[in-house]
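1. Kindly generate the corresponding structure for this input.
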Amino acid sequence: MTERFEIVEKTLIKMLEEKKYSTARDVLGTLNPADIAAFFSSLEEQKIPLLFRLLPKELAAESFVEMDVDAQELLIRSFSDNELKEIIDELYVDDAADLVEEMPANVVKRILRQADPEMRRSINQILRYPENSAGSIMTTEYVSLRPDMTVEEAILRIRRQGVDKETIYTCYVTEGRKLIGLVTVKDLLLAPDDEMPIRELMIENIISVTTHTDQEEVGQMFRKYDFLALPVVDGENRMVGIVTFDDAMDVMEEEATEDIEMMGGMLPSEKTYLKSTVWELFKNRIPWLMLLMVSATFTGMIITGFEDSLAAQVALTAFIPMLMGTGGNSGSQSSVTVIRALSLGELRFADLPRVMWKEIRTAVLCGLALAVVCFGKIWLVDRLLLGNEDITLMIDAVVCIALFITVLLAKIVGAVLPLGAKALKLDPAVMASPFITSIVDAVSLLVYFLAAKMLLNI
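-> Here you go, the predicted structure:
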C-alpha cells in the first residue's frame with residue numbers, strides 16, 4: 001500500500017510540474033481524503049492552495065479535516081470568503097470546533113464570520129466544555145427519534161435529516177430531549193411491521209457518558225463495548241451530542257502518545273516530531289532531565305557515605321552498575337505492566353494488595369534466577385576467567401543477596417507508585433521508567449552497601 005501511494009505521489013508531482021491539472025484532478029478523485037492530506041504535507045507550500053482548488057467540494061472538505069494545522073491555516077489564509085464558507089458548510093460541528101480551537105485568533109474570527117448562526121452556536125457550545133472531556137470531542141449532529149413514531153416515519157425522518165448527520169446507523173430515542181432509548185437502522189429495516197412504534201423496538205438500557213466525563217474514559221468505553229457511537233448527556237440525562245468511533249480512535253492515539261512521552265521522561269507534545277522545532281523539543285525534554293540529574297544527588301550521597309567501605313573492598317565497585325541497571329529494569333517492567341493495566345481499566349487502587357502479592361511472588365522468582373546466574377557469572381568470569389583475585393565467595397554472596405533484595409524492592413516500588421498516582425488523580429505514566437529508576441538506583445545502592453557492611457564487617 002505504501003509503495004502504491006509513493007508511485008501515485010510521484011505521478012501527481014510530475015503532473016503538476018507539467019501543468020496537467022485536469023489529469024491531476026482525476027487522479028486525486030480516486031484517493032482517500034487521508035491520503036490526499038498526506039500528499040499535501042509533502043508539497044511545497046505555494047503548490048498546496050492550487051492543488052486544493054482542483055478537488056471536488058465534498059472531497060476538499062473531507063481532505064481539509066485530515067490535514068495538519070499548519071496546512072489548514074495556510075489554506076484558510078489563501079481562501080476567499082466564499083471558498084472558506086463552502087468548506088465550513090461541509091464540516092461536521094466537532095471538526096469545525098477542533099479547527100477553531102487550533103487556529104490563531106485572527107483566523108478564528110474569519111472562520112466564525114463565515115459560519116452560519118446554527119454552526120456558531122454549536123461550536124461555542126462545544127468549546128465551553130472542559131478540555132479533554134466528552135463534551136469537547138462530541139458532535140451535536142445526530143439523528144433523534146420520538147418513541148411514538150412508527151418504523152415508516154422513522155425511516156422517512158432519517159432520509160430527510162441523515163445527509164447532514166455524522167452517523168445515521170445508530171439513532172437515539174428522546175422524549176422531551178431526555179434520552180430514553182436507541183434503535184439501529186438494522187432494527188428498522190428488519191422490523192416485521194412498518195406501523196410498529198419505535199417504543200417497541202428500542203433498547204432502553206443505554207450506556208452513556210456526561211459532558212464532563214474524561215475523554216480517556218470515553219476511549220476505554222469504545223474499546224470495551226465496540227461502540228460505533230456513544231451518547232453524551234447532561235446532568236439531567238438530556239441528550240446533547242454523540243462521540244463517534246473515529247473521534248474515540250483519535251483520543252486513544254492521543255492518550256497513548258502522551259503516556260509514551262511521559263514514560264520516556266518528556267512533557268507531552270501536541271505536534272508531530274517533524275513539525276516540532278528544536279526549541280520545542282528542548283522545552284519538553286529539559287525539565288525531566290534536570291529533575292533526574294538533581295535526583296542523582298541522592299545516589300552520590302549514598303556512595304559518599306560508604307566511601308570507607310568501598311576503600312576496604314574495592315572489588316565491590318565493579319558491581320554497582322549491574323545492580324543499579326538490574327534494579328531499574330525490574331522496576332520498569334512492573335511499572336509498565338501496571339500502567340498499561342490502569343489505562344485499560346483492568347486495575348483500581350483497591351487492587352493494591354493483590355498487585356503487591358503478585359509482584360512479590362514474581363520478584364522472588366526473578367530475584368532467585370538472577371542471583372543464581374549472577375553467582376556463577378561472578379565466580380567463573382570475574383574471578384577465574386579475568387583473574388580478579390580480590391573477589392571472594394563472600395563478596396560474590398553479598399552481590400547476589402543485594403541483587404535479590406533489589407529486584408524484590410524494585411518490583412514492589414514499580415507496581416505501587418503508578419497505583420498511588422492514580423489514587424491521587426495523577427497520570428500513572430508520570431511514575432514510569434525515569435522516575436522509578438532514580439528511586440531504585442538509590443535503594444539498590446543502600447541495600448548493597450548495608451549488606452556489604454553487615455556480611456563483610458567493613
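2. For the helix or strand containing residue 76, the averaged confidence score.
-> Element membership for residue 76 (DSSP states H and E) is helix 69-78. Mean pLDDT, computed over helix 69-78, is 88.
3. Counting neighbours, show which residues of whichever helix or strand residue 285 is part of come out buried.
-> Secondary structure from DSSP H and E places residue 285 in helix 278-305. For helix 278-305, the neighbour count (16 or more other C-beta atoms under 10 Å) marks 284-285, 288, 295, 298-299, 302 as buried. Heads up, the C-betas are built off the backbone N, CA and C, glycines and all.
4. For stretch 155-164, list the C-alpha coordinates in CSV.
-> Once non-C-alpha atoms are left out, stretch 155-164 reads as follows in CSV (Å, rounded to 0.1, in the frame of the first residue of the first chain):
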residue,chain,number,x,y,z
ILE,A,155,-37.0,5.8,8.2
LEU,A,156,-38.5,8.8,6.4
ARG,A,157,-37.0,11.1,9.1
ILE,A,158,-33.6,9.5,8.6
ARG,A,159,-33.8,10.0,4.9
ARG,A,160,-34.6,13.7,5.4
GLN,A,161,-32.1,14.5,8.1
GLY,A,162,-29.4,11.9,7.6
VAL,A,163,-27.5,13.9,4.9
ASP,A,164,-26.2,16.4,7.5
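5. residues in contact with it?
-> 141, 143, 145, 149, 168, 171, 185, 188-189 (C-beta atoms under 8 Å, 6 or more residues apart in numbering).
6. Residue 244 contacts residue 229, correct?
-> Yes - the criterion here is C-beta atoms under 8 Å, and residue 244 meets it with residue 229 at 5.1 Å.
7. doesn't residue 377 make contact with residue 396?
-> No - between residue 396 and residue 377 no contact is recorded; they are 9.5 Å apart, counting by C-beta under 8 Å.
8. Between these two, which is the more surrounded one?
-> Each of residue 396 and residue 377 has its neighbours counted (other C-beta atoms under 10 Å); residue 396 has more, 20 against 16.
9. For residue 173, see how far away the more buried one is.
-> 73 Å (C-beta to C-beta, to the nearest Å).
10. repeat for residue 111
-> According to C-beta to C-beta, residue 111 and residue 173 sit 34 Å apart.
11. quick one, which of these two is more surrounded?
-> Ranked by neighbour count (other C-beta under 10 Å), residue 111 and residue 173 place residue 173 first, with 25 against 21.
12. That one touches residue 142, doesn't it?
-> No - with contacts counted by C-beta under 8 Å, residue 173 stays clear of residue 142, the gap being 11.5 Å.
13. Could you find the lowest-pLDDT member of the buried residues of helix 278-305?
-> Pick the lowest pLDDT in the buried residues of helix 278-305 and you get residue 295, at 69.
14. Tell me the secondary structure at the most far-flung residue of the chain relative to its centre.
-> Within the chain, residue 389 marks the point farthest from the mean C-alpha position, 52.8 Å out by C-alpha atoms, centre = their mean. Three-state assignment for residue 389 (DSSP: H, G, I helix; E, B strand; the rest coil): coil.
15. Contacts only, for it.
-> Contact analysis of residue 389 by C-beta under 8 Å, 6+ apart lists residue 383.
16. ok, now how distant is it from residue 381?
-> 14 Å.
17. from what I can see residue 103 touches residue 76, true?
-> Yes - Residue 103 is in contact with residue 76 according to C-beta under 8 Å; the separation is 7.2 Å.
18. Now do the shared contacts for those two.
-> Common neighbours of residue 103 and residue 76, counting by C-beta under 8 Å, 6+ apart, are residue 111.
19. returning to that earlier point: buried sites along the helix holding residue 76?
-> By neighbour count on 16+ other C-beta under 10 Å, the buried set for helix 69-78 is 71-76, 78.
20. Kindly report the same for stretch 56-70.
-> 59-68.
21. Let me see the ranges of the helices in the stretch 201-350 of the chain.
-> Applying DSSP state H, counting those that start in this stretch to the stretch 201-350 of the chain gives helices spanning 215-225, 245-263, 278-305, 307-312, 320-343.
22. Packing partners of the third one?
-> Spelled out, that is helix 278-305. The elements that helix 278-305 packs onto, with contact taken as 3 or more C-beta pairs under 8 Å, 6 or more residues apart in numbering; DSSP states H and E, are helix 433-456.
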